[in-house]
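Trainee: can't give you the sequence, but here's the structure:
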């Protein structure tokens, strides 16, 4: 067995499927004003934050759960969920990593994120979110030197209320759609990043999300602000234990890029996808939206979606500033009974705005994959352009691949081009690879990696390796 | 509106001599329509152009009553010159004449289906409206192995006797094995502000060929909806060409079920729009068995304040291996107020298929204009030449040379 095969063998089952036995503090079950007050209280939030939550909750009451999406799911009983769950030892936030519950450290070690070591090694600054709360952030010292703020959302609310107040909810308002508003009402933690004017963040920032407790929803909220002329690359990874019930993950991510700023946001999403028969798994209903507020700003989304029972998200860019650029690179892989309805929205408002969408969808087994996207060029967005390419690859005739682009062009100076293809791995390609000594599985892995290359290239180095492996593993057993 | 519907319906029952059975059928459709109402933007298929709003805005008091007891005078000046053809003349909601004099009478049968159960299973409330208020329903049957010698032109005409009225037409066509029909829909509406609702149901037996050309060229203020349902058997071919240019609003909807192997469907369309026109083409091609093919090409030229919408859907069932599906929509926006919307959709459940779509929109290429002007053409001439070339490409897809030339003349494109 060569190393690759060993890798696959080792990872054949969902390797992040373990649970950590750790004591939790939970809010009472259900969704009501008291629970929201409980969350706000336990986090010692100021009044304005509580008002923000209550306003969202008020709005939520009048909203209906959307149901236009392709993957249907059984009705979620929102009263039967815990909206807050935190490791008990986090009651008083530890001052340094040494004070962290050893079990937590162990968990992150298993996930391949040894927080302690990372504090020493030169690499990536990590903010780890366990269930609903942020447990550790590494590399604080180095970042503070540059004036970069990278901390948990709760900490930011306490320490930098002005920044949070100014930007929170400006891209995803509390009056948005059902899941986003739910998040605004009950979000528990998340990451906060502020890059000051003219600073180029010297390292990759990363958050690792982990759902551990059962019957909980994870509602984190991330806010990234890149001030004038700054640059940041941010990575997000996610895992969850194997459980029979479906768990809800409804996060909000807001990005704001001011003049000449650039944000690069990469996600490797590997939530528990459920077992082969489609039992269990995460419902990944996330709202991600970036606002290119200033001129010459740029936001780039890269996502590798391999996990979750149902993925339903559209990372979007609002190109408000003149000359701003929005990019979206996506690989979505569904196997077994997984379902995905994902894509992007590019809303061109400013002059000379440009957007690019590259989407690669691969479906195998009994899965169903939909690319749904919107390109909307406003009448004022003179001289804008969009290029969209979405390719789907089908493996077997029990799965589905769908493309639903919405194209709206209201400006005669602007150009939109859209292309989509659907195909399968051709016999010739397989034959060619096998002739050169690869087994069918390796051949498929190679071809799929080639198919995804345009997107994989966009990922930071460390992630690209992981993502490439994931691509191979996710399709395990789908050939033949 | 519900009361208006009921009272107009009662009036029709009074003025025309319908059998109890017919009234019973129509009543069911009426109730269905009353329940659903006109489609609106909340329905995905009507997202871009909301017909209930458009009707409200353009026709303040839409009447559903149409006096079918009075016949209408046929004005021969509307007839197409220079092309021998069969005629169906449809004036003010009444079929006044069906004329197949140029054909072998034994090979064509015209069946009055008015008294039959003509229900058609679909969600679309406009089909209910059509079934509730339409006058006569005929089925035109082309017998086995017969190809019509001359094309059939259906003249859709309204005169100033009729205003703010809902007009409905339903025709069924059955093409026997190895038969061929060329059908031209020719719209010449002089009156304003009627809502015209047309429903054709085609059944193509194996090896049959249907060519349908819809020509809505002359500027008028009517709102139109046209729905073609096409069922195709083995080796059958359907070709649809749509010229969408005349009416204030027109939505052409085509649903094509490829039920037989080696059947194929071709849809080509041109939008040529000016002030305040809002047109839409929506197609659904269902590839249901192996080895079927579809091809769609839609081009728009959009002037001031106009809006065109193309919603195309290719569905490939898990049985339909070896499907070949293609879809392309292109638009030229000539003014800052023009708007193009597209939703080219692929829904695929089989893996051995070749499906792709493309969509592009933008203004005329400045470099091309520069090239032509540097060779002595004026700006206006260059623009016209480029648009001419842009549209010619669609017209060349028309397989019947006689009709191709006719349409070329009507649109005014040169080779």
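Mentor: Thanks, I have it. Predicted model only: the values in this text are computed from it and were never measured.

Trainee: any idea of the pLDDT on the residue of the stretch 51-200 of chain B found nearest chain A?
Mentor: The nearest approach of the stretch 51-200 of chain B to chain A comes at residue B:123, 15.2 Å away (Cβ to the nearest Cβ). For every residue, glycine as well, the C-beta is placed using N, CA and C. Among the per-residue scores, residue B:123 holds a pLDDT of 82.

Trainee: what pLDDT is listed against residue A:456?
Mentor: 85.

Trainee: so it touches residue A:468, yeah?
Mentor: Yes: using Cβ atoms under 8 Å, residue A:456 is in contact with residue A:468, at 6.2 Å.

Trainee: ok, residue B:198 - contacts?
Mentor: B:130, B:156, B:168-170, B:185, B:224-227 (Cβ atoms under 8 Å, 6 or more residues apart in numbering or on different chains).

Trainee: likewise for residue B:166?
Mentor: B:62-64, B:66, B:129, B:133, B:194-197.

Trainee: about what we covered before: residue A:456 and residue A:468 - which one has more neighbours?
Mentor: residue A:456 (21 against 18; other Cβ atoms under 10 Å in any protein chain shown).

Trainee: what's the first helix or strand after the helix or strand residue B:285 falls within?
Mentor: Assigned by DSSP states H and E, residue B:285 belongs to strand B:278-287. Going down the chain from strand B:278-287, the next helix or strand is strand B:293-302, by DSSP H and E.

Trainee: in stretch A:330-342, what counts as buried?
Mentor: A:330-342 (16 or more other Cβ atoms under 10 Å in any protein chain shown).

Trainee: mind checking if that stretch is in reach of chain B?
Mentor: No: applying Cβ under 8 Å from any Cβ of the partner chain, one finds stretch A:330-342 separated from chain B by no less than 12.3 Å.

Trainee: tell me the mean pLDDT over that stretch?
Mentor: So the average pLDDT for stretch A:330-342 ends up being 90.

Trainee: swap in stretch A:142-160?
Mentor: 87.

Trainee: can you pull the buried residues of that stretch?
Mentor: A:143, A:148-158.

Trainee: of those, which belong to helices?
Mentor: Among the buried residues of stretch A:142-160, the ones falling in helices (DSSP state H) are A:143, A:153-158.

Trainee: including distance to residue B:367, could the residues you listed go into a markdown table?
Mentor: Shown next, in a markdown table, are those (distance: Cβ to Cβ, whole Å):
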| residue | distance to residue B:367 |
| --- | --- |
| A:143 | 49 |
| A:153 | 51 |
| A:154 | 56 |
| A:155 | 55 |
| A:156 | 51 |
| A:157 | 54 |
| A:158 | 58 |
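
Trainee: pLDDT below threshold where in the stretch 1-150 of chain A?
Mentor: A:1-24, A:87-139 (pLDDT under 70).

Trainee: chain B contacts on that one?
Mentor: Neighbours of chain B within the stretch 1-150 of chain A, by Cβ under 8 Å from any Cβ: residue A:68.

Trainee: closest residue of the stretch 1-150 of chain A to chain B?
Mentor: For the stretch 1-150 of chain A, Cβ to the nearest Cβ, closest residue to chain B: residue A:68, 7.2 Å.

Trainee: quick one: that residue and residue B:44 touch, right?
Mentor: Yes: with contact defined as Cβ under 8 Å, residue A:68 reaches residue B:44; the gap is 7.2 Å.

Trainee: ok so, going back, from the contact counts, what lies against the strand holding residue B:285?
Mentor: strand B:237-244, strand B:249-258, strand B:264-273, strand B:293-302, strand B:307-316 (3 or more Cβ pairs under 8 Å, 6 or more residues apart in numbering or on different chains; DSSP states H and E).

Trainee: ranges for the helices of chain A?
Mentor: According to DSSP H, the helices that chain A contains are A:3-11, A:33-42, A:47-61, A:102-110, A:115-120, A:140-145, A:153-159, A:161-167, A:178-186, A:427-435, A:440-456, A:461-474.

Trainee: just name the most buried of those.
Mentor: helix A:178-186 (a mean of 25; mean count of other Cβ atoms under 10 Å in any protein chain shown).

Trainee: give the other helices and strands that that helix contacts.
Mentor: So helix A:178-186, by 3+ Cβ pairs under 8 Å, 6+ apart, packs with helix A:33-42, helix A:47-61, strand A:252-257, strand A:287-292.

Trainee: in a markdown table: the ones you listed, plus distance to residue A:206.
Mentor: As requested, those are exported to a markdown table (distance: least, Cβ to Cβ, whole Å):
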| stretch | distance to residue A:206 |
| --- | --- |
| helix A:33-42 | 25 |
| helix A:47-61 | 26 |
| strand A:252-257 | 14 |
| strand A:287-292 | 16 |
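
Trainee: spit out the contact partners of residue B:72.
Mentor: B:91-92, B:94, B:96, B:159, B:161.

Trainee: dump those to CSV, plus pLDDT.
Mentor: CSV is the format used below for those (pLDDT from 0 to 100):
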residue, pLDDT
B:91, 89
B:92, 86
B:94, 86
B:96, 89
B:159, 82
B:161, 79
